[in-house]
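*Asks:* Give me a model of this one.
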Amino acid sequence: MNKTAKWDWSRGPLLVFDGDCAFCTSAVNRLKDVLPYFPEALPWQWLDLDSFGLTQDDVTNYAWLLTPRRHYGGHLAGSALLRLQPGVGYRFLGNLLRTAPFSVAAALGYQLIARNRSRLPGGTPACALPPRA
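*Replies:* All right, here's what the predicted structure looks like:
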């Protein structure tokens, strides 16, 4: 499969996730159904990571919301996704998730879910993160 080397930012932001992880793929599909606006989402396996300034370690451990100006990883990707939504409630929640002390709790929650995604509903052994050195 040809990897996407350049992203046309006129298409809007890009959500990058682990396409080998059934839990991550299911989460993206659920969010598409629930949120009023959802950017294009592509598995990192389909992308030329260098062209986005991302490493395999980056995308193995975090989902990313990419814009022309910023790359948001992990819980900040979720925060940025909520801030893109129409409606004050979503944007308020998105801003809350990037503000202390809520940001600390969101980061810890994201890490907990990421580390255990193979054990969560829809998860498979392929979802497991590599062990930390």
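
*Asks:* Please count neighbours and contacts with C-alpha atoms only from this point.
*Replies:* Noted.

*Asks:* quick one: the helices in the chain?
*Replies:* Along the chain, counting by DSSP state H, helices occupy 22-34, 49-52, 56-61, 75-83, 88-96, 102-115.

*Asks:* Buried deepest among the ones you listed, which one?
*Replies:* Across the helices of the chain, averaging neighbours per residue (mean count of other Cα atoms under 10 Å) puts helix 75-83 on top, at a mean of 23.

*Asks:* Show me what that one is packed against.
*Replies:* With contacts defined as 3 or more Cα pairs under 8 Å, 6 or more residues apart in numbering; DSSP states H and E, the packing partners of helix 75-83 are strand 64-66, helix 88-96, helix 102-115.

*Asks:* Residue 9 is nearest to which of these?
*Replies:* Evaluated over the helices and strands packed on helix 75-83, closeness to residue 9 peaks at strand 64-66, with 9.5 Å, by Cα to Cα.

*Asks:* what lines up beside the closest one in the sheet?
*Replies:* Paired with strand 64-66 in the same sheet, following DSSP bridges, are strand 14-17 (antiparallel), strand 71-73 (antiparallel).

*Asks:* out of those strands, deepest packed?
*Replies:* strand 14-17 (a mean of 22).

*Asks:* out of the helices of the chain, nearest to residue 8?
*Replies:* When the helices of the chain are compared (using Cα to Cα), the closest one is helix 49-52, at 11.8 Å.

*Asks:* Present the helices of the chain as a markdown table; the columns should include mean pLDDT and distance to residue 12.
*Replies:* Converted to a markdown table, those look like this (pLDDT from 0 to 100; distance: least, Cα to Cα, whole Å):
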| stretch | mean pLDDT | distance to residue 12 |
| --- | --- | --- |
| helix 22-34 | 93 | 15 |
| helix 49-52 | 94 | 14 |
| helix 56-61 | 93 | 20 |
| helix 75-83 | 98 | 12 |
| helix 88-96 | 97 | 18 |
| helix 102-115 | 95 | 24 |
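
*Asks:* Tabulate the ones you listed (JSON lines), appending distance to residue 15.
*Replies:* Formatted as JSON lines, those follow (distance: least, Cα to Cα, whole Å):
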{"stretch": "helix 22-34", "distance to residue 15": "9"}
{"stretch": "helix 49-52", "distance to residue 15": "12"}
{"stretch": "helix 56-61", "distance to residue 15": "11"}
{"stretch": "helix 75-83", "distance to residue 15": "8"}
{"stretch": "helix 88-96", "distance to residue 15": "16"}
{"stretch": "helix 102-115", "distance to residue 15": "16"}
